[in-house]
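Engineer: Have a look at this fold, sequence not included:
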């Protein structure tokens, strides 16, 4: 089996089969393989190997990859694995581990190519040729620094290639470089990569010293991770720290039970709201039949609106100051959608009465109550669903917390009040 | 203002302000700027310029960027803009436009660096130095082809840099290259980039001829796009073709009304289900007060489960064959979550009776009915929410269509049946 086939298949193999296939690889293939799999898989594999073999594999990893791998194991194992590295690398990895995983500092690699500004282009190329043999993250972007490691500029290997041999690096480099601070959030970093087609972005500290680089391939993982976090929050739970299948019962329960209980307590107000209309319900039980239909329509239209706004905010297409524009648009859309559902609701009640009977003399009035309530509920759902993420963003929370269940809960209580109020007004003196 | 500041600010400027700031740039800055903004923004800007100026800017673009820009404009404008290119480029762009936008062919650039296998490394470097001046997508990955453009292997500029000057390209290159077919879906391509940290992947036809390359920076856009599509589907609507703020009322209505109406019709079964229990409801109106609470709990737990499974499937962490494992896990989690909400429900009814009264002699029995139903409803919601995406995937649909509203609708009907059945059994002979 080729190395790339094995990488593809890996996650489907049992632990035994993994170990067996890894052992079957030639030394060279095994090294390529070990560097190709993600840090979680590498960590699991490493822990399957006898302690005597671990040293070789740990030392194969670049410091940022070693740090990523160490993020995946327990604290005890981390200390023991860290001890396998030589001193220089151990220090470097320890520095990387100190950064928060979600910061630019936690993403960056410290193995970048650097040049002095006064070098000539032909000297620079020779120098890079030597550096290419080291374990650098990339030699395609080279950072120009002074002796104190202040970032002065950047030059791509391609620009060096095109430049006259006698020019200096300073003449060829881009003096103004897009960079990020060590403590920049990874979401901000990924937005920069979206804007520019850079292969790498340098990470600097407050004094402008270059500390490392973040490369494009780390960013695909970040984009995935952020989308997963947002999706899980939108589904009404806390984001998981690990892949679904690797998450144990305890974690899974903790991440889900909290929000579910909060939503449940919020939803308790529906019972209070309905209790308020208990007399009306007792007089006209038929009204209750449409309660789930009406409140779910509000929840569904709210879920549409909030998913649109959350995603547009995540991509930076939408900002807080667009709130008024969004509100206007959603009100119009909500009215149109409400009219569609309202008409369907009216038809449902009246036609069902024509064919099966059961609503007595009041079929049309009940139908009108259902239809008009639907227009109101859908408009409210649409507006609440679109404004809630913007409001959460304004207050400094993650807009993705305006989850489908959260919006539905909010709309359910209001929906009940709208429905029973409309019904009371329309049916007062007749059915009620 | 610097070019990078302008890129950041661009989408917030009015059309007038955009045109004015673009005009204020020096020629060089304007060229950098025009190549930095995304294809939609570039298209809008281009159409604001007088026709006489458009030619220069169109000709500045690499064929794949030109093709992307042309995807953003109306058919008529496309023909007129295409006419501004010289013949060679026009043909190349027309070829790219013929690929579906979501295929590898639609993503690829035809401007890649190539080498013959028999060249020596020092000759290859010289040759690449000349090619670096052309508008190639990247010179960092070089593809080795025979005269008929069959892909023989690939070599990175870094590998060439490290290799002895006298070695041949064939000796240095990787003979087995990960490649994709022209008609591969962009989602499959992005999965390959996730697996490997490649900067580029070559695109080949059925006979193994290289047609172009897809680069990593295109993939960040693809990953974003796919996550947005999935999020919108999960929110219970069709995915939008354009950014939220650029989508007009007609499109917006069309993408949302369809699913909303389908869900509404599905939800109509709740009225039928409740109609079934109309006698019980008439006898014990108090039971209806908890209907929204109970069915929304099923919907919420279903939404959690489906979001987890959909996202895990999208990332390739979960496959169809894991269904049984997922079902077992979700049943256990569902039971635990159900017990939590069931207990809360029981407390809600009994405590409210202690403090406010109103449930007569039946408070405990009603509380038990609510509590037990919640366990059943949450377990069903969890199971349905986790299995539905897998089932849809099995049938060839997009798992993301198992949206929060879809799952909620499914669970609402069942939830009502569970609740009223449990209540009938527990309260039969007393309240009912």
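Structural biologist: That came through, no problem. None of the values given here were measured: they were computed from a predicted structure. Numbering: from 1, shown residues only, chains lettered A, B, ... in the order given.
Engineer: Am I right that residue A:134 is in a helix?
Structural biologist: No: judged by DSSP: H, G, I helix; E, B strand; the rest coil, residue A:134 forms no part of a helix; its state is coil.
Engineer: For it, give its distance to chain B.
Structural biologist: Applying Cβ to the nearest Cβ, to the nearest Å, the value for residue A:134 to chain B is 10 Å. Bear in mind the C-beta positions are built from the backbone N, C-alpha and C, glycine included.
Engineer: Stretch A:24-40: end-to-end distance?
Structural biologist: Distance between the boundary residues of stretch A:24-40 (Cα to Cα, to the nearest Å) amounts to 21 Å.
Engineer: Report the mean confidence score over the lengthiest strand in chain A.
Structural biologist: Secondary structure of chain A per DSSP state E: the longest strand is strand A:138-145. Within the predicted structure, the mean pLDDT of strand A:138-145 is 92.
Engineer: And for the helix or strand following that strand, what's in contact with it?
Structural biologist: The element immediately downstream of strand A:138-145 (helix or strand, assigned by DSSP states H and E) is strand A:151-156. Outside strand A:151-156, the residues that touch it by Cβ atoms under 8 Å, 6 or more residues apart in numbering or on different chains are A:115, A:117, A:140-146, A:169-170, A:172-177, A:179, A:202, A:204, A:208-210.
Engineer: swap the cut-off to 7 Å and go again
Structural biologist: Residues from elsewhere that reach strand A:151-156, judged by Cβ atoms under 7 Å, 6 or more residues apart in numbering or on different chains: A:117, A:140-146, A:169, A:172-175, A:177, A:179, A:202, A:204, A:208, A:210.
Engineer: anything in the helix or strand immediately after it in the chain near chain B?
Structural biologist: The helix or strand immediately downstream of strand A:151-156 is helix A:157-162, counting by DSSP H and E. Yes: using Cβ under 7 Å from any Cβ of the partner chain, helix A:157-162 reaches chain B at A:157-158, A:161-162.
Engineer: how about stretch A:242-260: buried residues?
Structural biologist: By neighbour count with 16 or more other Cβ atoms under 10 Å in any protein chain shown, stretch A:242-260 contains the buried residues A:243-244, A:247, A:252-253, A:255-257, A:259-260.
Engineer: what do you get for stretch A:39-56?
Structural biologist: A:39-46, A:54.
Engineer: now stretch A:204-217
Structural biologist: A:204, A:210-217.
Engineer: Stretch A:187-206 now?
Structural biologist: Judged by neighbour count using 16+ other Cβ under 10 Å, the buried positions of stretch A:187-206 are A:187, A:189-195, A:197-204.
Engineer: and of those, the nearest to chain B?
Structural biologist: Set against chain B, the nearest of those by Cβ to the nearest Cβ is residue A:197 (4.0 Å).
Engineer: Can you flag the buried ones in the contacts of strand A:151-156?
Structural biologist: A:117, A:140-145, A:169, A:172-173, A:177, A:179, A:202, A:204, A:210.
Engineer: now for those residues, which pair is the farthest apart?
Structural biologist: Greatest spatial distance among the buried ones among the contacts of strand A:151-156 (Cβ to Cβ): A:172 and A:204, at 21.0 Å.
Engineer: so how far is chain B from residue A:401?
Structural biologist: Counting by Cβ to the nearest Cβ, the gap from residue A:401 to chain B is 13 Å.
Engineer: my bad, should have said residue A:122
Structural biologist: 11 Å.
Engineer: Which of the helices or strands spans that residue?
Structural biologist: Per DSSP H and E: helix A:121-131 holds residue A:122.
Engineer: Which residues of the stretch 51-200 of chain A lie near chain B?
Structural biologist: Within the stretch 51-200 of chain A, the residues that sit near chain B (Cβ under 7 Å from any Cβ) are A:129, A:132-133, A:139-140, A:157-158, A:161-162, A:176, A:178, A:193-197, A:199.
Engineer: can I assume residue A:64 is in contact with residue A:95?
Structural biologist: No: counting by Cβ atoms under 7 Å, residue A:64 stays clear of residue A:95, with 10.5 Å between them.
Engineer: neighbour count winner among those two?
Structural biologist: Legend: neighbour count by other Cβ atoms under 10 Å in any protein chain shown for residue A:64 and residue A:95, higher for residue A:64 (24 against 15).
Engineer: and that one, that one's in a strand?
Structural biologist: No: counting by three-state DSSP, residue A:64 falls outside a strand, being helix.
Engineer: residue contacts, the closest residue to it other than its chain neighbours?
Structural biologist: Leaving aside its sequence neighbours, residue A:64 sits nearest to residue A:109 (Cβ to Cβ, 6 or more residues apart in numbering or on different chains; 4.0 Å). Neighbouring residues of residue A:109 by Cβ under 7 Å, 6+ apart: A:62, A:64, A:137, A:212-213, A:215.
Engineer: So for chain A, the centremost residue is which one?
Structural biologist: residue A:226 (1.9 Å; Cα atoms, centre = their mean).
Engineer: roughly how far apart are that residue and residue A:239?
Structural biologist: 10 Å (Cβ to Cβ, to the nearest Å).
Engineer: does the residue in the stretch 301-432 of chain A that chain B sits nearest to sit in a helix or strand, and which one?
Structural biologist: For the stretch 301-432 of chain A, the residue closest to chain B is residue A:307, as judged by Cβ to the nearest Cβ, at 2.6 Å. Assigned by DSSP H and E, residue A:307 belongs to helix A:291-314.
Engineer: quick one on the thing from earlier: helix or strand: which one has the closest residue in space to the residue nearest to the centre of chain A that isn't next to it in sequence?
Structural biologist: Excluding its sequence neighbours, the residue lying closest to residue A:226 (Cβ to Cβ, 6+ apart) is residue A:187, at 5.7 Å. Element membership of residue A:187, judged by DSSP H and E, is helix A:186-195.
Engineer: average pLDDT for that helix?
Structural biologist: For helix A:186-195, the per-residue pLDDT averages 82.
Engineer: what helices or strands is that helix leaning on?
Structural biologist: helix A:104-107, strand A:200-204, helix A:216-234 (3 or more Cβ pairs under 7 Å, 6 or more residues apart in numbering or on different chains; DSSP states H and E).
Engineer: which residues are in contact with it?
Structural biologist: Outside helix A:186-195, the residues that touch it by Cβ under 7 Å, 6+ apart are A:102-104, A:107, A:178, A:180, A:201, A:214, A:216, A:219, A:222-223, A:226, A:316, B:7-8, B:220.
Engineer: Name only those of those residues that count as buried.
Structural biologist: Buried subset of the contacts of helix A:186-195 (neighbour count, 16+ other Cβ under 10 Å): A:102-104, A:107, A:178, A:180, A:201, A:214, A:216, A:219, A:222-223, A:226, B:7-8, B:220.
Engineer: ok and the residue in the stretch 1-150 of chain A nearest chain B?
Structural biologist: Here the stretch 1-150 of chain A gets closest to chain B at one residue, residue A:132, 4.3 Å apart by Cβ to the nearest Cβ.
Engineer: pLDDT weak spots in chain A?
Structural biologist: Along chain A, segments meeting pLDDT under 70 span A:1, A:358, A:431.
Engineer: My read is that residue A:366 contacts residue A:286, right?
Structural biologist: Yes: the criterion here is Cβ under 7 Å, and residue A:366 meets it with residue A:286 at 6.5 Å.
Engineer: what is in contact with those two at once?
Structural biologist: Shared between the contact lists of residue A:366 and residue A:286 (criterion: Cβ under 7 Å, 6+ apart) are residues residue A:359.
Engineer: more neighbours, those two?
Structural biologist: The neighbour comparison of residue A:366 against residue A:286 (other Cβ under 10 Å) goes to residue A:366, with 25 against 22.
Engineer: Other residues contacting stretch A:260-280?
Structural biologist: Residues contacting stretch A:260-280 (Cβ under 7 Å, 6+ apart): A:236, A:281, A:287, A:405-406, A:409, A:412-413, A:416-417, A:420, A:423-424, A:432, B:285, B:288-290, B:292-293, B:296-297, B:300-301, B:337, B:340-341, B:344, B:348.
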